[in-house]
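In: I would like to see how this sequence folds:
(one chain, ligands or ions: 2)
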Amino acid sequence: MRVCIKPFGVVDASVLEFLQERLAEIFGECEIVLPVEIPSQAYNPMRRQYRSSSILESIEVKGEQIVLGVIGEDIYAGNFSFVFGEAELNGSKAIISLRRLRPDEYGMKNGNLLKLRALKEAMHEIGHVLGLTHCPNQKCVMHFSNSVFDTDLKDWRYCEVCTEKLLKKGVRIKL
Ligand SMILES: [Zn+2]
Ligand SMILES: [Zn+2]
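Out: Residues are numbered from 1 along each chain as shown. Ligands and ions are numbered 1, 2, ... in the order given. All right, here's what the predicted structure looks like:
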């Protein structure tokens, strides 16, 4: 399976490279494509945030692949004050935002923690693309994260139940 990482605007290169390396190992192939501008219609000046569904809609997918958009800005959806990401369930595209994952947002240093959190959110949204829904297992990456503390509690992997579901769909991954 091929995963394309599509940066929206300026995104921390070290995080993108980490994601590429790990997602290539897990899904087989992963490349970072050229960054694109954040679609201006996605910006909500009242909230000073970007609407994740508008960004998701703007992503074009060619062939048999998954496109993972990555943005440094804050995104929101529906009634949520913010979201870590959004995905097309059983589709081909997803978006994650690094903004709320940054340890410096919470008075800590960035570094490896930001990369690990980004990997967890990427795995979570790709899981939705592959048809997985939220998992009751707190340790599973498909568990819903209300806050970054939930993200830190969970593993970056799919649990056995979720992995089994993927296998039944013919999705082969290396965890
Ligand atoms: Zn989710
Ligand atoms: Zn699970």
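
In: State the number of residues packed around K6.
Out: Around K6 sit 24 other residues, with neighbours defined as other CB atoms under 10 Å. The C-beta positions use only the backbone N, C-alpha and C, and glycine is treated the same way.

In: What does it show for phi and psi?
Out: Reported as degrees, to the nearest 10, the phi and psi values for K6 are phi -120, psi 110.

In: and it, what does it touch?
Out: Under the criterion of CB atoms under 8 Å, 6 or more residues apart in numbering, the contact partners of K6 comprise V33, P35, V36, I59, V67, L68, G69, V70.

In: Separate out the buried members of those residues.
Out: Neighbour counting over those (16 or more other CB atoms under 10 Å) leaves P35, I59, V67, L68, G69, V70 as the buried ones.

In: Hmm, the last one is touching L98, no?
Out: In this case it means V70. Yes: V70 is in contact with L98 according to CB atoms under 8 Å; the separation is 6.8 Å.

In: which residues are in contact with both of the two?
Out: Shared between the contact lists of V70 and L98 (criterion: CB under 8 Å, 6+ apart) are residues V11, V15, A118.

In: what does this structure put close to ligand 2?
Out: Selection of the chain residues close to ligand 2 by CB under 5 Å from the ion yields C135, N137, C140, M142, C159, C162.

In: which among the residues you listed gets closest to M108?
Out: Of all the residues of the chain next to ligand 2, the one sitting nearest M108 is C140; the distance, using CB to CB, is 24.9 Å.

In: If we ignore the residues flanking it in sequence, what's nearest that closest one?
Out: With CB to CB, 6 or more residues apart in numbering as the criterion, C140 has its nearest non-adjacent residue at 3.7 Å, and that residue is C159.

In: residue contacts, that neighbour?
Out: With contacts defined as CB under 8 Å, 6+ apart, C159 is in contact with C135, N137, K139, C140, V141, M142.

In: swap the cut-off to 10 Å and go again
Out: C159 makes contacts with C135, P136, N137, Q138, K139, C140, V141, M142, H143, K165, as judged by CB atoms under 10 Å, 6 or more residues apart in numbering.

In: Buried members of those into PyMOL, please.
Out: When burial is assessed using 16+ other CB under 10 Å, the buried subset of the contacts of C159 is captured in PyMOL by this command:
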select buried, resi 135+137+140+141+142+143+165
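
In: tell me the two of the contacts of C159 that are most distant?
Out: For these, the farthest-apart pair by CB to CB is Q138 and K165; their separation is 17.7 Å.

In: Spatially central residue for this protein, please.
Out: By CA atoms, centre = their mean, the mean C-alpha position of the chain lies nearest to A122, the distance being 3.0 Å.

In: how much space between that one and N79?
Out: 24 Å (CB to CB, to the nearest Å).
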